[in-house]
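Asks: Sequence below, structure please.
(chains A and B)
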Amino acid sequence: MENLINIFVKGAFIENMILAYFLGMCSYLAVSKTVKTSMGLGFAVIFVLLITIPVNFLIENYILQEGALSWISPKLAEVDLGFLSFILFIAVIASIVQLTEMIIEKISPTLYNALGIFLPLIAVNCAILGGALFMQERAYNNIGEAISFAMGSGFGWLLAVVGLAAIREKIRYSNVPPALRGLGITFIIVGLMGIAFMSFMGIKL
Amino acid sequence: MFSSKNMKLLTNPLGDSNPITVQVLGICSALAVTAKLKPAFVMAISVLVVMTLSNVIISLLRKTIPNRIRIIVQLVVIATLVILVDEVLRAFVYDVSKQLSVFVGLIITNCIIMGRLEAFALANKPWDSFLDGLGNAFGYGWILIVVAFFRELLGSGTVWGYPVLDKIGLYDIGYENNGLMILSPMALIVVGIIIWIQRSRNKDLIESN
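Replies: Prediction:
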């Protein structure tokens, strides 16, 4: 249990997807104009991460890794399909996003309207593929750890996007130098937020 | 072949419609790999290869791709090319490939590539798409290299691993490296400053707030 909490905190604060690795930057900058839309996208990211990371974890451990296929027949124990991981992960992500979109539309139209255009956008959000690739690189031991990592990194993403949106709502009333307006000042704000988040690095888990 | 319209495809992305500083695409990887010049250069080349080839392939296939499944077709083409690039990097420059870690894989979701495929390659001839891909990849690459140059010079005092500041003798008169430059948040601030300079020179790009 303690281990799972550690992975969560690490994913959310110390190795924050946006502020430490800049994953999902494009949509991060695009939707962080108001707190409301950023909340929507943040929750959509958590939701998709929570589904795709465990699925990709199973694929990685039962299909792709060297010797992972031995559950089918011992003859396949030497097969290493690792090179296929990119194409398989992105296919899984794209199809799961499509599926969840359809299922949500059927089951809960209100949630579907709330997530709206964000769901299809997420298929090409680097945070989702990045999450899968980090999961592969860090080699979590079991699916529980992978889920906890998905929760943590998704929560960190939500935190960062809502924080930036709140700052940008306020900065509209300040007198920013003309050439820095919009994109320029946003970059500098995110940089400063990143420096603030670096203080979490001192935490030993 | 090189009419003025085609030259525009090549040169526009270098300045006024730069993918990073104006269109805000493909930032994720641009920031994460720029602590040193060498990985930034390798990343720029990898994106160049994937971008031009995928642009040409999609442009060749553009009449046969059904509209509804075009995203998945694009993803498959890009992912295949990225796997090839990744295998080549692992074979020839293993240490750089280790430094780039997940960011080679993330070329797949690099929005510049998807963006160019959607906006240009699906509607234009292969040769135009080739030039467009090349232009955008150069526009992406030069920002990467400028950011990496300053971060490496100010952060570790080297250029391409060569200790420039040490040879000049700056350390003897009390100069210290700025450790902050190596940390990831400074990449954002350096890009912010590039945007600032570009927009003060070209007033048309200024946003209304």
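
Asks: what residue of chain A is the furthest out?
Replies: A:K75 (36.6 Å; Cα atoms, centre = their mean).

Asks: Tell me the spacing between it and chain B.
Replies: Distance from A:K75 to chain B, counting by Cβ to the nearest Cβ, to the nearest Å: 25 Å. No exception for glycine: its C-beta is placed from N, CA and C like everyone else's.

Asks: got it, and A:L192?
Replies: Taking Cβ to the nearest Cβ, one finds A:L192 at 7 Å from chain B.

Asks: Show the contacting residues for that residue.
Replies: B:P185, B:I189 (Cβ atoms under 8 Å, 6 or more residues apart in numbering or on different chains).

Asks: For B:V77, grab the count of nearby residues.
Replies: By other Cβ atoms under 10 Å in any protein chain shown, the residues close to B:V77 number 21.

Asks: just checking, it is part of a helix?
Replies: Yes. Counting by DSSP: H, G, I helix; E, B strand; the rest coil, B:V77 is found in a helix.

Asks: For it, which residues are in contact?
Replies: Contacts of B:V77 (Cβ under 8 Å, 6+ apart): B:S54, B:I57, B:I58.

Asks: cool, and A:I96?
Replies: Residues in contact with A:I96 (Cβ under 8 Å, 6+ apart) are A:V48, A:I51, A:T52, A:V55.

Asks: SS state for the second one?
Replies: Reducing the assignment to helix, strand or coil with three-state DSSP, the entry for A:I51 is helix.

Asks: Number of residues surrounding it?
Replies: Neighbours around A:I51, by other Cβ under 10 Å: 17.

Asks: what separates it from chain B, distance-wise?
Replies: 17 Å.

Asks: Spatially nearest residue to that residue, not counting backbone neighbours?
Replies: A:I96 (5.7 Å; Cβ to Cβ, 6 or more residues apart in numbering or on different chains).

Asks: per-residue confidence at residue 44?
Replies: All of this is about chain A. With respect to pLDDT, A:A44 scores 81.

Asks: wrong one, I was asking about chain B
Replies: With respect to pLDDT, B:A44 scores 90.

Asks: Next, the buried residues of the helix or strand encompassing it.
Replies: Per DSSP states H and E, B:A44 falls inside helix B:37-61. For helix B:37-61, the neighbour count (16 or more other Cβ atoms under 10 Å in any protein chain shown) marks B:37-44, B:46-59, B:61 as buried.

Asks: Grab the nearest non-local neighbour of the residue nearest to the spatial centre of chain B.
Replies: Against the mean C-alpha coordinate of chain B, by Cα atoms, centre = their mean, the closest residue is B:Y140 at 3.3 Å. Counting by Cβ to Cβ, 6+ apart, B:Y140 lies nearest to B:P19, which is 5.2 Å off, once chain neighbours are set aside.

Asks: Find the nearest non-adjacent residue to B:D204, please.
Replies: Here the residue nearest B:D204, using Cβ to Cβ, 6+ apart, is B:D16, at 7.8 Å.

Asks: do B:I145 as well
Replies: B:A40 (5.8 Å).

Asks: Was I right to think the one you found contacts B:A32?
Replies: No. Taking Cβ atoms under 8 Å as the definition, B:A40 is not a contact partner of B:A32, at 10.0 Å.

Asks: Contacts for the helix-or-strand element of chain B with minimal mean pLDDT next, please.
Replies: Between all helices and strands in chain B, the lowest mean by mean pLDDT, DSSP states H and E belongs to helix B:27-32, at a mean of 74. Identification of contacts with helix B:27-32 by Cβ under 8 Å, 6+ apart yields A:21-26, A:29, A:126, A:130, B:20, B:43, B:47, B:103, B:106-107, B:109-110, B:140, B:143-144, B:147, B:184, B:187-188, B:191.

Asks: so where's chain A shaky on pLDDT?
Replies: Within chain A, the stretches with pLDDT under 70 are A:68, A:114-121, A:123-124, A:205.

Asks: can you map out the helices along it?
Replies: A:2-9, A:17-21, A:25-31, A:35-59, A:85-107, A:109-115, A:118-122, A:126-138, A:143-171, A:183-197 (DSSP state H).

Asks: swap in chain B?
Replies: Using DSSP H, helices in chain B cover B:4-11, B:27-32, B:37-61, B:70-92, B:94-100, B:102-105, B:111-119, B:126-156, B:164-168, B:185-201.

Asks: Could I get those helices in TSV, plus columns for distance to A:F149?
Replies: Formatted as TSV, those follow (distance: least, Cβ to Cβ, whole Å):
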stretch	distance to A:F149
helix B:4-11	42
helix B:27-32	19
helix B:37-61	25
helix B:70-92	23
helix B:94-100	21
helix B:102-105	14
helix B:111-119	24
helix B:126-156	29
helix B:164-168	40
helix B:185-201	23
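
Asks: among the ones you listed, which gets the worst mean confidence?
Replies: helix B:27-32 - the lowest mean pLDDT of the helices of chain B, at a mean of 74.

Asks: how about it: buried residues?
Replies: Of the residues in helix B:27-32, those buried (16+ other Cβ under 10 Å) are B:I27, B:C28, B:S29, B:A30, B:L31, B:A32.

Asks: my read: A:D80 touches A:E66, true?
Replies: Yes. The pair A:D80 / A:E66 is scored as a contact, 3.9 Å apart, by Cβ under 8 Å.
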